[in-house]
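> Compute the structure for the input listed below.
(chains A and B)
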Amino acid sequence: MSIFFSKNSIAWYFILPVLAVHFMVVALPSLLSLALCLTDWNGFGKINYVGFENFYELFDDRYFKKAVWHNIIWTCLFLTVPIALALTCAYLLTGITKGQMLFRLCFFFPYMLASIISCQIWKYIFHPLYGLPAWLNSKGIDLIPAVSPFTMKETSLYAVAFVDGWHFWGFLVVIYITGMYQVDNSLYEAADIEGATKFQKFRFVTLPLIRPIFIFSIMIIIIWSIPTFDYVWILTQGGPAYSSEVLATNLYSQAFDRFNVGYSSAIGTLMFIYTIFIVSIFGVLRKLGWEI
Amino acid sequence: MVDDGYWSGSLENYYALGWDDFHAMFATRGAAMMTIGTWTFGATAAGFADSSDEWDWAPFPVLRDGGADAAYLLALGTTMSINASSGDPDAAAKVLDFIFSNKKVVLDMAADFNFGEFVVPLYFSADDIREDVSPQVKRYLVEFAEATGKGDYGYTTWTFWPADPGVHIWKDMEVVWAGDISVEDYMYDHQKMWDKARKKGELLPVGAR
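Below you'll find the model as predicted:
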């Protein structure tokens, strides 16, 4: 009897309601989705088992392959541009004593905006009739053509990534700067005595000491890049001509436009397997003693 | 037409402009015409409400060589159906009969909203229609009734086609416009989707004419 009222058991009782909600909202639909990937269910009709047919079709689907490629580009973009910008800005900000909070607020502000608002702002900035380029053109300044980059197949993916990156990089600045403030100041003083340049101090003092936060940011970027959806959907819905299609928009469209729920579950399953693979890599690295 | 700039000036602008944009352009002489269905009548009439300009509609011209009579792209855009497992199908049928045989309800809707839908299979003559209905909507209702009365109507993809080819027909057309795939590849994909839908029994039945 006492086992039911031990300290450990009571902790479980408090967690139980959350676990129950998570089971219903996350675990159960995920398990069902995993099961549905082997069926041809359309969302409301009869469920037929089709084995691995959805996966064979997926590997032959030119738009799925395009979406995979776009997700790879997306991940690479986010692993480079926002990280480089955020590291530079965070490092420069640590040297500013006056007005630093103002900078931090400015950089972080886009992160606080709802995605729909960020997207509408950028959409209107590049609107072909009422946007900034159109206005400049009307004043005789033809610096940028009055064409929305979101609707050109050559630029749409990069334009959406730019908007998402614009919203996201301030978050990185904040977590990097938090890590940088934890670096012992005496190390910088020692580096100064050795005559280290600002870059050398960054490379050999700051970067190694914020490594756990840095690796964490890489991990969340890789993981968050897989289900990226909202910015793409609001700005381009994956178009034009699938030029900005990513896995999540492909999945959504298959499930809710085309009613290929079994097929879209197969896409979701592959995304899930990929996520597990990435998390496992970081888990193994941690086991190997990496400070991440 | 797309290459000649008839669609918002360019394909990129066509993708960028929304409902409000092209209605505003049409009402303020920014666009000469809109290629759109009758569901726009209400918004178009509202756009011209404070303008001395006037608007009107015309059936879509036939673009093939040699031409033909103008095509009325009439369609049954909506289906009101009775579920096979309905507990009381007769009562449901009565409701549908009421809606589709009540000229007054339909005409009041047309008059109050400048809205031209839900009129099949009723027949209207010019005398049926209230004085305050806009002349454009009035002409549409009469000509629509004549055309459908002769059986000259088709079926829209968004109601009657299976979901997969129904989306493919408009979404993947963008890929052809973009020059990424050939028309033959596009049609091949489309045929494949139809074959699959047919095999799965996803084709919707259409009513007898």
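> per-domain residue ranges of chain B.
Here the domain parsing of chain B from automatic domain parsing is B:75-155, B:161-199.
> ok, the closest residue to A:Leu87 other than its chain neighbours - contacts?
With Cβ to Cβ, 6 or more residues apart in numbering or on different chains as the criterion, A:Leu87 has its nearest non-adjacent residue at 5.9 Å, and that residue is A:Tyr176. All C-beta atoms are positioned from the backbone trio N, CA, C, and that covers glycine. Counting by Cβ atoms under 8 Å, 6 or more residues apart in numbering or on different chains, A:Tyr176 touches A:86-87, A:90-91, A:210, A:213-214, A:217.
> Farthest pair within those?
The two members of these with the most space between them (Cβ to Cβ) are A:Tyr91 and A:Ser217, at 14.2 Å.
> Just the ones in helices from the contacts of A:Tyr176, please.
A:86-87, A:90-91, A:213-214, A:217 (DSSP state H).
> Which positions in stretch A:202-221 come out as buried?
The neighbour-count check on stretch A:202-221 (16 or more other Cβ atoms under 10 Å in any protein chain shown) flags A:202, A:205-206, A:209-210, A:213-215, A:217, A:219, A:221 as buried.
> before we move on, the earlier item: which one of the domains of chain B is the most hemmed in?
Of all the domains of chain B, domain B:161-199 has the most neighbours on average by mean count of other Cβ atoms under 10 Å in any protein chain shown, namely a mean of 16.
> what's the pLDDT at the residue nearest to A:Leu87?
The model reports A:Tyr176 with a pLDDT of 93.
> And the helix or strand encompassing it, what's buried?
Per DSSP states H and E, A:Tyr176 falls inside helix A:156-181. Of the residues in helix A:156-181, A:156-177, A:179-180 count as buried by neighbour count, 16+ other Cβ under 10 Å.
> the helices in chain B, which residues?
Assigned by DSSP H, the helices in chain B fall at B:11-16, B:19-27, B:41-47, B:89-101, B:103-113, B:135-149, B:157-160, B:163-171, B:173-177, B:183-199.
> Near chain B, which residues of the stretch 51-200 of chain A are found?
A:62, A:127-129, A:147-148, A:150-153 (Cβ under 8 Å from any Cβ of the partner chain).
> Now the two most distant members of the residues you listed.
Across these (Cβ to Cβ), the longest gap, 33.6 Å, separates A:Arg62 and A:Leu129.
> So those two - more neighbours on which side?
A:Leu129 (18 against 13; other Cβ atoms under 10 Å in any protein chain shown).
> buried ones in the helix or strand that A:Leu270 is a member of?
Element membership for A:Leu270 (DSSP H and E) is helix A:261-287. Using 16+ other Cβ under 10 Å as the test for burial, helix A:261-287 gives A:261-272, A:274, A:278, A:282.
> Please save the CA atoms from stretch A:282-292 in CSV.
Output in CSV follows, covering the C-alpha atoms of stretch A:282-292 (Å, rounded to 0.1, in the frame of the first residue of the first chain):
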residue,chain,number,x,y,z
PHE,A,282,23.0,14.0,-30.8
GLY,A,283,22.2,11.4,-28.2
VAL,A,284,25.2,9.3,-29.3
LEU,A,285,27.5,12.3,-29.3
ARG,A,286,26.4,13.1,-25.8
LYS,A,287,27.1,9.5,-24.8
LEU,A,288,30.6,9.9,-26.3
GLY,A,289,31.2,12.8,-23.9
TRP,A,290,30.5,15.8,-26.2
GLU,A,291,29.3,18.8,-24.1
ILE,A,292,26.0,19.2,-25.9
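> circling back to that earlier point, would you turn the ones in helices among the contacts of A:Tyr176 into CSV with pLDDT?
Converted to CSV, those look like this (pLDDT from 0 to 100):
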residue, pLDDT
A:Ala86, 94
A:Leu87, 92
A:Ala90, 91
A:Tyr91, 89
A:Ile213, 91
A:Phe214, 91
A:Ser217, 92
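> And those, which is closest to A:Ser138?
Checking the ones in helices among the contacts of A:Tyr176 one by one against A:Ser138 (Cβ to Cβ), the nearest turns out to be A:Ala86, at 36.2 Å.
> mind listing what that closest one touches?
A:169-170, A:172-173, A:176.
> Spit out the contact partners of the residue nearest to it when sequence neighbours are not counted.
Among residues not flanking A:Ala86 along the chain, A:Leu172 sits closest, at 3.5 Å (Cβ to Cβ, 6+ apart). By Cβ under 8 Å, 6+ apart, the contact set of A:Leu172 is A:82-83, A:86-87, A:90, A:217.
> Is it possible to get TSV of the residues you listed that adds distance to B:Phe22?
Formatted as TSV, the contacts of A:Leu172 follow (distance: Cβ to Cβ, whole Å):
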residue	distance to B:Phe22
A:Pro82	36
A:Ile83	41
A:Ala86	40
A:Leu87	45
A:Ala90	45
A:Ser217	43
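> ok, of the helices of chain B, where does mean pLDDT dip lowest?
helix B:103-113 has the lowest average pLDDT among the helices of chain B, namely a mean of 74.
> Return the angle between stretch directions for that one and helix B:135-149.
Relative orientation of helix B:103-113 and helix B:135-149, computed by axes from the mean of the first three to the mean of the last three Cα atoms, to 10 degrees: 140 degrees.
> residues contacting A:Phe44?
With Cβ under 8 Å, 6+ apart, A:Phe44 has these contacts: A:Phe259.
> What pLDDT is listed against it?
83.
> Could you give the backbone dihedrals for it?
phi -150, psi -10 (degrees, to the nearest 10).
> Can you check what pLDDT the model gives the closest residue to A:Ser33 other than its chain neighbours?
Leaving out its chain neighbours, the residue that sits closest to A:Ser33 by Cβ to Cβ, 6+ apart is A:Ser265, at 4.7 Å. Looking at A:Ser265, its pLDDT is 95.
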